[in-house]
Structures are given as C-alpha cells and as structure tokens.
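K.L.:
Predicted coordinates and the sequence they were generated for:
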Amino acid sequence: MMYFKFLGVAAVAIIIAAVSNTATAYGKHGHSAFCQAAYELAQSQTQQQIDRLVAQHPSYSGFGSFCSWADDIKSDKTWDWAKPHHYVNFSRSAAKVTEQDCPVQGGCVLSAIQHHYNVLKHNHDDWQALAFLAHFIGDLHQPMHVSFADDLGGNRARLTYFDQPTNLHRLWDTDMLLRRGGEDTSAKAKQLIDGLSVEAALSVTPEQTLKWANESAAITRRIYSNYREGQELGEDYTAQWEPVLEQRMQQGAERLAAILDGLFSDAAKTKN
C-alpha cells in the first residue's frame, strides 16, 4: 500500500521544488471551475458540509476558490512537505505508472489523495484535508501532472501558442482553458456538468487512484508523441486536445462529487 510520511521529507522537497513551484494544475481558473462542477454535482447534504468547512476559511468565497488553497500555500516554507503531492512522475520507458513511482519518503499525488481521504473520513471537520483532497484529485486528472521528471512535467517543453511563448505544462494548465472561455469559471462549471450526474458514492483506494493516474499517463504519452521542441500551435491543437482536457475535468468532477457524497453522508446523519 502506498503512503507517505510528514516528517523528514525536506530533502525530497528541495530536489523537486522547481517542479511544484510552476506546476499548478488547471491554474486558478481551472481549479475553480473543476471544484464548482463537483460541488454542483454533489448531493445537497454534501454541499452543506462543504459550505460549513469552507466557512472556516473566510478568505475564500466558495468551494471553487477554496480549491486553490493548496497552490496558494506554496510560497510558505511551512508547507514545503506538501509540494511533491501535486504530481507523480514515471519513466519515459515505462508502459504505465506503478506503486513504485510514488516514493515512500515524500509521497506523491497518489498517496496524498489516500491520506487526506482517510483524514477526512475520520474527521469531517478538517477543512485542510478537504482542500488538499479536492485539489489533488484535480491535479491527478490533468495529464501533465502524471508525467516525466526530466523536463519537469512539461515545464521545460517550450513552444508557442497563438504566437505567445509558453510550455507544454502551462498549455494544459491554463492556456487552452482560457482560450475557450475558462476565465468565467461559473459558466465553465455549468458547461462541464451539462448532462452529467453522480449515481453512487465512491471510496478512495490505492488501486482506484492508480487506475486514474494511468488514464492520465496514457494521454500524456499521446501528448508527447505529437510534441516537437519550439513548435507553433494554435486552433488545430485546441480543437484536437481541448475536448480531452475537458473530459478529464468532467471525469474528475464526477469522481470528486461521488467521493465527497460518500464521506459526508454519515456526517449529515450525525448532525441531523
């Protein structure tokens, strides 16, 4: 079983801090739309529990903005231990992600999701666990967060997008979303959930998160197979890949809603 330790991870965090400082899946706009979509899909009793926890952090206006907290704290060295938890790297020569790709010392997005799920399962009042869990599930469904260490998850993969310099990671984090109206996060969330529904509550297991990681890994390999250093991208690339990005956001939002429904159903019964 994958797990991580909170103590003694400074060396790991220093080595990979460069990745984490620039790797903010979906950016603020994307995380906001992603979590708002999950919120809208969740049961009303789940929404009430989410609202209660978000209210403990009044600097955030709602669940959407709240989901960027895990990125907002990166400038505070107190939270350096959490930087490796935004992604998982696997070898370019490997066919898929395995448990061995998630370090026992320091952890990765897979072990972090499991940990914060377990925390929230046993303490329905832990707003930090909710913030981390929601953010990291978003990260896991952004393909470039299941990627390769040698170019910092695409941060060194330079290109231009509509004549503006960027990189492969930022392209998938932010650029394509903003190109297709992602700046209006409420409207984007409504678009994402159109036709979606959540039926059964989900539990988080290592096997489950590994499966989701390999969905992203398969897309990552396709992305790199089409990538050339310094290439110039525009509408053709957007038309090809933006639906894939949105599909991943939809899958993640459905899953997050189902996970939170499962977690908070007992909490609602207890408080009623």
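P.N.:
Yes, it's here.
K.L.:
Ala38 - that's part of a helix, no?
P.N.:
Yes. According to DSSP: H, G, I helix; E, B strand; the rest coil, Ala38 belongs to a helix.
K.L.:
mind showing which ranges of the stretch 101-250 of the chain have poor pLDDT?
P.N.:
Within the stretch 101-250 of the chain, the stretches with pLDDT under 70 are 182.
K.L.:
Okay, helices next: where are they in it?
P.N.:
Assigned helices in the stretch 101-250 of the chain, in chain order: 109-122, 127-140, 168-170, 176-179, 185-193, 206-225, 235-271 (criterion: DSSP state H, counting those that start in this stretch).
K.L.:
Could you export the fourth one as PDB, CA atoms only?
P.N.:
Read it as helix 176-179. Output of helix 176-179 as PDB, limited to C-alpha atoms (Å, rounded to 0.1, in the frame of the first residue of the first chain):
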ATOM      1  CA  MET A 176      -6.300  26.100 -23.600                       C
ATOM      2  CA  LEU A 177      -8.900  26.700 -20.900                       C
ATOM      3  CA  LEU A 178      -8.600  30.400 -21.200                       C
ATOM      4  CA  ARG A 179      -8.800  30.200 -25.000                       C
END
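K.L.:
roughly how far is that helix from the heart of the chain?
P.N.:
How far helix 176-179 lies from its chain's middle: 17 Å, per C-alpha atoms, centre = their mean, to the nearest Å.
K.L.:
mind listing what's buried in that helix?
P.N.:
Neighbour-count burial for helix 176-179 flags 176-177, 179 (criterion: 16 or more other C-beta atoms under 10 Å). Glycine gets a C-beta too; all of them are placed from N, C-alpha and C.
K.L.:
Give me the nearest residue to Ile223, chain neighbours excluded.
P.N.:
Spatially, and ignoring its direct neighbours in sequence, Ile223 is nearest to Pro143 (6.3 Å; C-beta to C-beta, 6 or more residues apart in numbering).
K.L.:
And Thr209, by the same measure?
P.N.:
Leu110 (4.8 Å).
K.L.:
wait, what's in contact with the one you found?
P.N.:
Shown in contact with Leu110 (C-beta atoms under 8 Å, 6 or more residues apart in numbering): 2, 88, 99, 102, 140, 206, 209-210, 213.
K.L.:
so which of the residues you listed is the most crowded?
P.N.:
With neighbours defined as other C-beta atoms under 10 Å, the most crowded of these is Val88; it has 30 neighbours.
K.L.:
unless I'm mixing things up, it is touching Gly107, no?
P.N.:
No. With contact defined as C-beta atoms under 8 Å, Val88 does not reach Gly107; the gap is 9.3 Å.
K.L.:
Based on its surroundings, how many neighbours for Ile50?
P.N.:
Other residues near Ile50 come to 22 when the count uses other C-beta under 10 Å.
K.L.:
In terms of helices and strands, where is it?
P.N.:
helix 44-54 (DSSP states H and E).
K.L.:
Just the C-alphas of that helix, formatted as CSV.
P.N.:
Extracted C-alpha coordinates of helix 44-54, given in CSV (Å, rounded to 0.1, in the frame of the first residue of the first chain):
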residue,chain,number,x,y,z
SER,A,44,-27.4,18.9,-1.2
GLN,A,45,-26.3,17.4,2.2
THR,A,46,-22.8,17.2,0.8
GLN,A,47,-22.9,20.8,-0.3
GLN,A,48,-24.0,21.8,3.2
GLN,A,49,-21.0,20.1,4.7
ILE,A,50,-18.6,21.6,2.1
ASP,A,51,-20.1,25.1,2.8
ARG,A,52,-19.5,24.5,6.5
LEU,A,53,-15.9,23.7,6.1
VAL,A,54,-15.2,26.5,3.5
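K.L.:
Alright, I will stop here.
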